[in-house]
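In: Let me see the structure of the following:
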Amino acid sequence: MNFGFLGIQFGFALQNANVSRIFETLGGTEIALYWLAAPATGLLVQPIIGYLSDRTWSPTFGRRKPYFMIGAILASISLLIMPNSSVLWMAVGMLWIMDSSINVSMEPFRALVGDLLPSSQRTAGFAFQTFFIGIGAVVASALPWILNNWFGVANTAPAGEIPPSVKWAFYCGGLVFFLAVLWTVLKTKEYPPEDMAAFEAEKNQTTFLTGVKETFFGIFQMPKTMLQLAAVQFFTWFALYAMWIFTTPALTSHVYGTSDTTSKLYNEGADWVGICFAVYNGVSAIFALLLPKIAKATSRRMTHLICLVIGGLGLISIYFIQDPKMLLVSMVGVGIAWASILSMPYAILAGSLPANKMGYYMGVFNFFIVIPQLIAGGVLDSINKHFFNGESIYTLVLAGCSLLLAGFLTLVVRDVDEQEA
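Out: So this is what the prediction gives:
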């Protein structure tokens, strides 16, 4: 059921670790602004796909699986085109298309776990989803470094050109994305709606206008738990967005001492960012298997708080590091937080959602991932320039503080499943 997420995260990890590098290579300077394309697509795509998948049923294709497959095909094509962008505007446009396609696949996967598992198994279900996310991201994040160091594929190129190691990493990613999602489509059986007559009646009564109304105004009817988690998610994803965008410029300048994108030293630093991202994803894959036991011994809320605090301290510690190898220690903390971020909020949320709107509300929940990223994209470049004098390392410290705040806000969240138990 969760294996397809290996492919989805393969695409996301290549995007997160390499797109800033592509933008800088093509002469981009307003990196956070260019990245706005990614969260903007999620804001629109995920609630719509969730709403449509709630009202889809086919005895042959199921409910969520058609959306997996469509997204996988489009995302795989985008991954093949992205590293061949010749100018900056093309790269920004391809990020928009690629992120939209990945979101089409991703949202129904969240709902699938809520559909098929009872409340007692949801923590484990989302934890295993995190495991496959981690495995995919480890390989994808490290792939340019692996291609360069193990197979001799060049990691440098003339000014304005994407290095071959990055291109071939994206080509591999397109293939892995498609095949992993195809495995879940072929191997997972979905259950039909419990009351087929009521399902058909509701679907037949839904017009285009009522669908638009429910999609964009249902946010005002969200469960209380979802609203409480919104604050946690805001500061969590503000931090993550800052990390993904500014880790490459921060480490290449603060640790490697260069901002020249054509230099060998810069590209070694950019490759090492991929290794750092691989480490935190690898840690998350392993730590995800421990989360159900930790949550059982404490609670899902307390587990999430502890993990976010550890992740925040990990990001802040990067400021004090000069040896690139020591950055991997910081990434262990980030990986522990990432494991919880990908599972605990969804496990807590699923228990508060009505079954017939699982896909829709999982999509709406994405608002609280996207909105902080949009805000971050709008303000981080200015903060970095005017408050931090262009020293991106301070933006990573700000991200760490944001994770600490998110952790303590977890204390106000009501976990419906745990209260009923």
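In: quick one, what contacts the nearest residue in space to Q322 that is not next to it in sequence?
Out: Excluding the flanking residues, the one nearest Q322 by Cβ to Cβ, 6 or more residues apart in numbering is V255, at 6.2 Å. Where C-beta positions appear, they are placed from N, C-alpha and C, glycine not excepted. By Cβ atoms under 8 Å, 6 or more residues apart in numbering, the contact set of V255 is G269, I321, Q322, D323, P324, L327.
In: ranges for the helices of the stretch 151-300 of the chain?
Out: Per DSSP state H, counting those that start in this stretch, the stretch 151-300 of the chain carries helices over the ranges 164-187, 196-205, 208-217, 224-254, 264-288, 291-297, 300-317.
In: ok so, going back, any idea how far the residue nearest to Q322 is from V92?
Out: Distance of V255 to V92, computed by Cβ to Cβ, to the nearest Å: 28 Å.
In: and the helices of the stretch 151-300 of the chain, which one's lowest on average pLDDT?
Out: In terms of average pLDDT, helix 208-217 trails the rest of the helices of the stretch 151-300 of the chain, at a mean of 61.
In: element containing L112, please.
Out: Using DSSP states H and E, L112 maps to helix 88-116.
In: If we go by neighbour counts, what in that helix is buried?
Out: Residues of helix 88-116 classed as buried: 88, 91-92, 94-116 (neighbour count, 16 or more other Cβ atoms under 10 Å).
In: so who does the closest residue to A157 other than its chain neighbours touch?
Out: Nearest residue to A157, sequence neighbours excluded (Cβ to Cβ, 6+ apart): P163, at 4.6 Å. Shown in contact with P163 (Cβ under 8 Å, 6+ apart): T25, P144, A154, N155, T156, A157, N267.
In: The helix or strand hosting G400 packs against which elements?
Out: Element membership for G400 (DSSP H and E) is helix 393-409. Packing partners of helix 393-409 (3 or more Cβ pairs under 8 Å, 6 or more residues apart in numbering; DSSP states H and E): helix 224-254, helix 300-317.
In: Which pLDDT does the model give the residue nearest to A157?
Out: 89.
In: so how far is stretch 80-87 off the chain centroid?
Out: Mean-position distance between stretch 80-87 and its chain equals 22 Å (Cα atoms, centre = their mean, to the nearest Å).
In: what is the rounded mean pLDDT of that stretch?
Out: Averaging pLDDT along stretch 80-87 yields 90.
In: Identify the structural domains in the chain and state their residue ranges.
Out: Using the TED database, the domain parsing of the chain gives 1-216, 222-420.
In: shouldn't F131 be in contact with L290?
Out: No. Using Cβ atoms under 8 Å, F131 makes no contact with L290, being 10.6 Å away.
In: between the two, which one's more packed in?
Out: Legend: neighbour count by other Cβ atoms under 10 Å for F131 and L290, higher for F131 (23 against 13).
In: Can you tell me the element the more buried one falls in?
Out: Using DSSP H and E, the element containing F131 is helix 119-151.
In: Dihedrals phi and psi, the residue nearest to Q322?
Out: Per-residue torsions, V255: phi -100, psi -40 (degrees, to the nearest 10).
In: what's the distance between G282 and S76?
Out: Using Cβ to Cβ, we find G282 at a distance of 24 Å from S76.
In: whoops, L290 was the one
Out: Counting by Cβ to Cβ, the gap from L290 to S76 is 33 Å.
In: follow-up on the earlier one: and of the helices of the stretch 151-300 of the chain, who's closest to H386?
Out: Each of those has some distance to H386 by Cβ to Cβ; the shortest is helix 224-254, at 15.0 Å.
In: so that closest one versus helix 393-409, what angle?
Out: Helix 224-254 runs at 160 degrees relative to helix 393-409, counting by axes from the mean of the first three to the mean of the last three Cα atoms, to 10 degrees.
In: shift numbering so it begins at 751
Out: With 751 as the first residue, the last one maps to helix 974-1004.
In: For helix 974-1004, what is the distance to the chain centroid?
Out: With Cα atoms, centre = their mean, you get 11 Å for helix 974-1004.
In: relative to helix 1014-1038, how tilted is that helix?
Out: Inter-element angle recorded for helix 974-1004 and helix 1014-1038: 150 degrees (by the same axes, to 10 degrees).
In: gap between stretch 1116-1130 and the chain center?
Out: Relative to its chain's centre, stretch 1116-1130 lies at 13 Å (Cα atoms, centre = their mean).
In: Oh, that last question was meant for stretch 1000-1019, not what I typed.
Out: Computed by Cα atoms, centre = their mean, the chain-centroid distance of stretch 1000-1019 equals 25 Å.
In: and that stretch, which residues are buried?
Out: Within stretch 1000-1019, the residues scored as buried using 16+ other Cβ under 10 Å are A1000, L1001, T1002, S1003, H1004, V1005, Y1006, T1011, Y1016, N1017, E1018, G1019.
In: Just the CA coordinates for it, please, in CSV.
Out: The C-alpha coordinates for stretch 1000-1019 follow below in CSV (Å, rounded to 0.1, in the frame of the first residue of the first chain):
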residue,chain,number,x,y,z
ALA,A,1000,24.3,28.3,3.4
LEU,A,1001,26.7,25.3,3.4
THR,A,1002,28.6,26.3,0.3
SER,A,1003,29.3,29.7,1.7
HIS,A,1004,29.5,29.0,5.5
VAL,A,1005,31.3,25.7,5.4
TYR,A,1006,33.0,25.6,1.9
GLY,A,1007,33.6,29.3,1.7
THR,A,1008,32.5,29.9,-1.9
SER,A,1009,29.5,31.2,-3.9
ASP,A,1010,31.0,30.6,-7.3
THR,A,1011,28.6,28.2,-8.9
THR,A,1012,31.1,27.2,-11.6
SER,A,1013,33.8,26.3,-9.1
LYS,A,1014,34.7,22.7,-8.2
LEU,A,1015,34.5,23.6,-4.5
TYR,A,1016,30.9,24.9,-4.8
ASN,A,1017,29.8,21.8,-6.6
GLU,A,1018,31.4,19.6,-4.0
GLY,A,1019,29.5,21.5,-1.4
